[in-house]
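> what follows is a protein structure lacking sequence information:
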């Protein structure tokens, strides 16, 4: 269960989709903007795919957080998450890199890791530099995000 904050807020794991970035200055400058870009893609998909009130009630709010917050709260770690940034700069990517299969790789350039059946709703997207991480995020958004989100929202997927 997520920790209750000083103001009594306890996040509901069924309501959020976390986008996790590293907590270094470089990550704040390069990966956090990619997180917000991905967040906008998620919101656009939701606007297109979730039309009625039942779907709206199931809408997950995408939230960009740091790896430090994510890894220090077991409740947050139980939520669906997309990690952006190399394992050397994002501890959440490092955590998931050894647990998730690789869906796409360009050796020595970029990697997209996720469960292709979306049973474990986690993904790690990263490259060797900012531009290749951007490419990994864009590739994920184009190839995998629609099915990832459909699964989270209990909708049919193109892969099904």
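Good, I have the coordinates. Treat the numbers as computed from the prediction; the structure is a model and nothing was measured.
> run through the strands of this structure in chain order.
With DSSP state E as the criterion, the chain has strands at 16-21, 61-66, 81-84, 102-106, 110-114, 122-127.
> redo the ones you listed as CSV? Include mean pLDDT and mean neighbour count.
C-beta: built from backbone N, CA, C; applies to glycine. Shown next, in CSV, are these (pLDDT from 0 to 100; neighbours: other CB atoms under 10 Å):
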stretch, mean pLDDT, mean neighbour count
strand 16-21, 98, 25
strand 61-66, 97, 19
strand 81-84, 99, 29
strand 102-106, 97, 14
strand 110-114, 98, 23
strand 122-127, 98, 26
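> nearest to residue 75, of those strands?
Residue 75 lies closest, by CB to CB, to one member of these: strand 16-21, at 10.1 Å.
> what comes into contact with the closest one?
The contact list for strand 16-21 (CB atoms under 8 Å, 6 or more residues apart in numbering) reads 27-28, 31-32, 34-35, 38-39, 42, 60-67, 70, 76, 79-85, 90, 92-93, 149, 152.
> kindly recompute the last result at 6 Å.
Contacts of strand 16-21 with the rest of the structure, by CB atoms under 6 Å, 6 or more residues apart in numbering, involve 27, 31-32, 35, 38-39, 60-65, 67, 70, 79-85, 92.
> quick one on the thing from earlier: next, format the strands of the chain as CSV and append distance to residue 139.
Compiled in CSV, the strands of the chain are given as follows (distance: least, CB to CB, whole Å):
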stretch, distance to residue 139
strand 16-21, 16
strand 61-66, 18
strand 81-84, 12
strand 102-106, 6
strand 110-114, 6
strand 122-127, 8
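> does residue 126 touch residue 88 like I think?
No: applying CB atoms under 6 Å as the test, residue 126 and residue 88 come out as separate, 9.0 Å apart.
> please enumerate the helices of this structure.
Residue ranges of the helices in the chain, as given by DSSP state H, are 25-49, 53-57, 67-71, 74-77, 91-97, 130-143, 145-152.
> just those helices: most buried one?
Across the helices of the chain, the average number of neighbours (mean count of other CB atoms under 10 Å) peaks for helix 91-97, which reaches a mean of 22.
> and it, what does it pack against?
helix 67-71, strand 81-84, strand 122-127 (3 or more CB pairs under 6 Å, 6 or more residues apart in numbering; DSSP states H and E).
> by mean pLDDT, which helix or strand of this structure comes out lowest?
Within the chain, no helix or strand scores below helix 53-57, which has a mean of 61 by mean pLDDT, DSSP states H and E.
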